[in-house]
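Visitor: Structure for this input, please:
(one chain, ligands or ions: 3)
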Amino acid sequence: MNTLVMKFGGSSIGTTDALTQVLSIVLHEREQWDCLVLVASALEGVTDGLIEAAHLAQMGQQRGYRRIVANLRTRHLALIDELPLGTTERAALHADIDRLLFDMLDLYQGMAQTTGKVTPESVDATIGVGEKLAARIIAALLRQNNLRSVALDTTSLIVTDDVPGNATPNIALTRTQIAQNLLPLLERSIVPVVTGFIGATPNGKPTTLGRGGSDYTASVLGVCINATEIWIWTDVDGMMTADPRDIADARVIPSLSYEEAAEMAYFGARVLHTRMIGPLRDDKIPLRVKNVYKPQQIGTLISDGGSARSHTLKAITYIPGLAVEAKRTSEYSPIPVVYDKVVVAVPNGQIDIIISAQSATHSLACFLIPTTAGSDAIHTIRLALEENLQANPLTQGWTVKNITFVTAISANIDNWATITATVLQRLKNIRILALSQGPSNSSLTLVVENKDSEETLSLMHDLVINSG
Ligand code: ADP
Ligand code: ASP
Ligand code: MG
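Guide: Numbers count the residues shown, from 1 in each chain. Ligands and ions are numbered 1, 2, ... in the order given. From the prediction side, this is the model:
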């Protein structure tokens with residue numbers, strides 16, 4: 001049985017035009033595949049709004065969270081009013097939206113009554129509603145167009161551990177849930193529209209898979225139902241040689257190996273969730289990234305073959321990070337002490353150590369904060385690091401600074417002897433703080449000062465364009 005899982009990103013479902021595109025894509029693919037499963041993200045900006053509302057509720061600011069919920073209601077109702085829906089579908093959808101948002105107000109009110117510090121668990125319990133709203137809208141649109149479709153909440157499908165804000169699905173438990181709750185729908189030729197991003201622990205506590213987590217949902221579902229392919233529909237033409245928002249002449253990359261795609265995501269290409277590739281690579285399920293507005297274009301194919309043999313530079317990514325540094329004086333504490341006492345103590349810290357370097361007189365450790373931690377994370381983690389360094393008498397000499405990781409991606413980078421030399425030659429006027437060749441054999445990462453990041457990115461991207 002040929003099964004396609006298609007995930008639609010928040011950037012490509014928020015307007016009538018975008019949803020019309022989604023509908024035409026689904027109607028077309030319905031003819032090509034035995035089964036379709038759709039994964040919906042929240043409309044763009046909705047999850048940010050919900051996080052803000054949770055914080056306001058926790059601070060007891062009733063007017064603030066009520067305003068956000070009212071805006072969400074207006075936005076979703078305006079969208080369905082513009083969609084070509086019959087009276088019954090529209091009325092049912094209207095009622096669903098009101099019920100879901102009414103429940104949110106209840107939850108926020110409960111949070112407001114127990115004011116205190118916002119906990120990641122309480123954020124997790126409230127931010128999945130954006131996906132629930134979007135899944136219901138898409139399913140209604142499909143039904144209106146004579147497809148049998150239902151919206152399904154992944155709290156009853158994706159079983160995860162209980163790491164708040166960054167949970168990992170348990171594939172075996174998820175398979176069992178899917179066999180009970182999803183496969184019967186596919187057998188009846190129904191097109192399920194499932195919520196991305198959210199799951200629940202075995203005890204039913206709501207969790208989320210990290211920012212951008214709907215990609216991960218698609219990958220986990222794909223593995224659990226043994227899908228033929230997974231397609232990620234987004235607002236760019238595929239995986240590109242750099243983020244097209246930063247580099248005007250970025251180009252689409254027609255094919256990538258799993259390793260290359262995983263490295264791109266890990267080192268900042270937020271078009272894919274950082275942990276979604278692993279499950280697909282293990283099962284060799286091909287992944288495509290396509291532009292929802294240009295469905296006829298092939299986009300990028302990520303697969304086992306990929307381009308593992310090619311010796312060209314594929315892409316340049318960048319991601320902001322943090323470095324802690326110190327002069328080695330008599331009161332100096334070594335990096336492992338800083339790591340043990342300070343970094344692991346950062347609350348809910350999603351921090352990876354990428355490079356550490358010591359010399360006779362200086363020490364430096366550079367940390368990457370994955371895109372899944374969200375764009376505010378760098379700021380909150382910096383504050384927490386500074387507080388922890390100050391609080392510990394052993395680490396007073398250490399300071400924190402913002403840095404940027406710029407990474408060159410290419411399969412077999414270690415075997416291509418000239419690549420490091422070429423990159424360093426190109427960057428001869430940039431101060432490189434540290435450098436590492438990734439253990440995956442697919443990446444070369446440089447740490448630069450923030451002020452040099454744009455120039456570094458642009459110089460390195462020229463190498464991609466010229467490397468054929
Ligand atoms: P969605 O809402 O569809 O999940 P995201 O905003 O999460 O969309 O991801 C798409 C965005 O990823 C693009 O708009 C683009 O700016 C960004 N991006 C960053 N790096 C890359 C890259 N190398 N190739 C393609 N897109 C990239
Ligand atoms: N809506 C969630 C987010 O904004 C998940 C996703 O977009 O994939 O992070
Ligand atoms: Mg995304």
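
Visitor: Contacts only, for the residue of the stretch 201-350 of the chain found nearest ligand 3.
Guide: Proximity of the stretch 201-350 of the chain to ligand 3 (C-beta to the ion) peaks at residue 212, 3.9 Å away. All C-beta atoms are positioned from the backbone trio N, CA, C, and that covers glycine. By C-beta atoms under 8 Å, 6 or more residues apart in numbering, the residues touching residue 212 are 270, 272-273, 371-372.

Visitor: of all those residues, which two lie farthest apart?
Guide: With distances taken as C-beta to C-beta, the most widely separated pair in those is 272 and 372, at 10.7 Å.

Visitor: Flag every buried residue along the strand or helix carrying residue 461.
Guide: For residue 461, the host element (DSSP states H and E) is helix 453-466. Within helix 453-466, the residues scored as buried using 16 or more other C-beta atoms under 10 Å are 453, 456-457, 459-461, 463-464.

Visitor: Next one: it, is it in contact with ligand 1?
Guide: No. Helix 453-466 stays out of contact with ligand 1 when judged by C-beta under 6 Å from any ligand atom, the minimum separation being 10.4 Å.

Visitor: Tell me how far the residue in the chain positioned nearest to ligand 1 lies from ligand 3.
Guide: Nearest to ligand 1, among the residues of the chain, is residue 9, at 1.8 Å (C-beta to the nearest ligand atom). Relative to ligand 3, residue 9 is positioned 5 Å away (C-beta to the ion, to the nearest Å).

Visitor: Isn't that residue up against residue 231?
Guide: No. In this structure residue 9 lies outside contact range of residue 231 using C-beta atoms under 8 Å: 11.2 Å.

Visitor: ok, back up a step: can you report phi and psi for the residue of the stretch 201-350 of the chain closest to ligand 3?
Guide: Dihedral pair for residue 212: phi 80, psi 10, per degrees, to the nearest 10.

Visitor: Write out the residues of this structure neighbouring ligand 1.
Guide: Applying C-beta under 6 Å from any ligand atom, one finds that the chain approaches ligand 1 through 9-12, 41, 212, 234-236, 239-240, 242-245, 264, 269-271, 315.

Visitor: out of the residues you listed, which are inside helices?
Guide: Of the residues of the chain next to ligand 1, the ones assigned to helices by DSSP state H are residue 264.

Visitor: and ligand 2, which of the residues of the chain next to ligand 1 contact it?
Guide: 10, 41, 212.

Visitor: Pick the one among the residues you listed closest to residue 394.
Guide: Of all those, residue 212 has the smallest distance to residue 394: 36.5 Å, by C-beta to C-beta.

Visitor: where in this structure is pLDDT low?
Guide: Scanning the chain for pLDDT under 70 picks out 115-116, 306-311, 330, 347-349, 417, 468.

Visitor: how does it divide up, domain by domain?
Guide: Under the assignment automatic domain parsing, the domains of the chain span 3-235, 315-467.

Visitor: Most tightly packed of those domains?
Guide: The highest mean neighbour count among these, using mean count of other C-beta atoms under 10 Å, belongs to domain 3-235: a mean of 19.

Visitor: That one: how far from the chain's middle?
Guide: Between the mean C-alpha location of domain 3-235 and the chain-wide mean there is a distance of 15 Å, by C-alpha atoms, centre = their mean, to the nearest Å.

Visitor: what about it, how long is it end to end?
Guide: Chord length of domain 3-235, first to last residue, is 23 Å (C-alpha to C-alpha, to the nearest Å).

Visitor: Kindly report the same for stretch 405-418.
Guide: 21 Å.

Visitor: now do stretch 191-211
Guide: Using C-alpha to C-alpha, one end of stretch 191-211 lies 25 Å from the other.

Visitor: Report how many residues lie close to residue 244.
Guide: When neighbours are defined as other C-beta atoms under 10 Å, residue 244 has 16 of them.

Visitor: isn't it right next to residue 252, touching?
Guide: No. Checked against C-beta under 8 Å, the pair residue 244 and residue 252 is beyond contact range at 9.3 Å.

Visitor: quick one on the thing from earlier: show me what the helix holding residue 461 is packed against.
Guide: Counting contacts by 3 or more C-beta pairs under 8 Å, 6 or more residues apart in numbering; DSSP states H and E, helix 453-466 is packed against strand 315-327, strand 399-409, helix 418-426.

Visitor: now do 6 Å
Guide: The elements that helix 453-466 packs onto, with contact taken as 3 or more C-beta pairs under 6 Å, 6 or more residues apart in numbering; DSSP states H and E, are strand 315-327, strand 399-409.

Visitor: Go through the domains of the chain and name the closest to residue 296.
Guide: Among the domains of the chain, domain 3-235 comes nearest to residue 296, with 10.1 Å by C-beta to C-beta.

Visitor: now residue 336, what's its secondary structure?
Guide: Secondary structure, DSSP: H, G, I helix; E, B strand; the rest coil: residue 336 is helix.

Visitor: and the spatially most central residue of the chain, how far is that from residue 148?
Guide: The structure's the chain has its C-alpha centroid closest to residue 212; by C-alpha atoms, centre = their mean the separation is 2.6 Å. Look at residue 212 and residue 148: by C-beta to C-beta, to the nearest Å, they are 30 Å apart.

Visitor: What of residue 288?
Guide: Residue 288 sits 25 Å away from residue 148, taking C-beta to C-beta as the criterion.

Visitor: Over to residue 215?
Guide: Between residue 215 and residue 148 the computed distance is 26 Å (C-beta to C-beta).

Visitor: Spell out which residues of the stretch 151-300 of the chain are next to ligand 2.
Guide: Within the stretch 151-300 of the chain, the positions lying close to ligand 2 (C-beta under 6 Å from any ligand atom) are 196-197, 211-214.

Visitor: now do 5 Å
Guide: Within reach of ligand 2 by C-beta under 5 Å from any ligand atom, the stretch 151-300 of the chain has these residues: 197, 211-214.

Visitor: Ramachandran angles for the residue in the stretch 51-200 of the chain that ligand 3 sits nearest to?
Guide: Distance from ligand 3 to each residue of the stretch 51-200 of the chain (C-beta to the ion) is smallest for residue 196, at 8.9 Å. Residue 196 adopts backbone torsions of phi -80, psi 180, taken as degrees, to the nearest 10.

Visitor: can you map out the strands along the stretch 101-250 of the chain?
Guide: Secondary structure of the stretch 101-250 of the chain (DSSP state E, counting those that start in this stretch): strands located at 149-152, 191-195, 198-200, 206-208, 229-234.

Visitor: For the first one, name the packing helices and strands.
Guide: Packed against strand 149-152 by the contact rule (3+ C-beta pairs under 6 Å, 6+ apart) you find helix 129-144, strand 191-195.

Visitor: report the longest helix in this protein, please.
Guide: For the chain, the longest helix by residue count, based on DSSP H, is helix 87-113.
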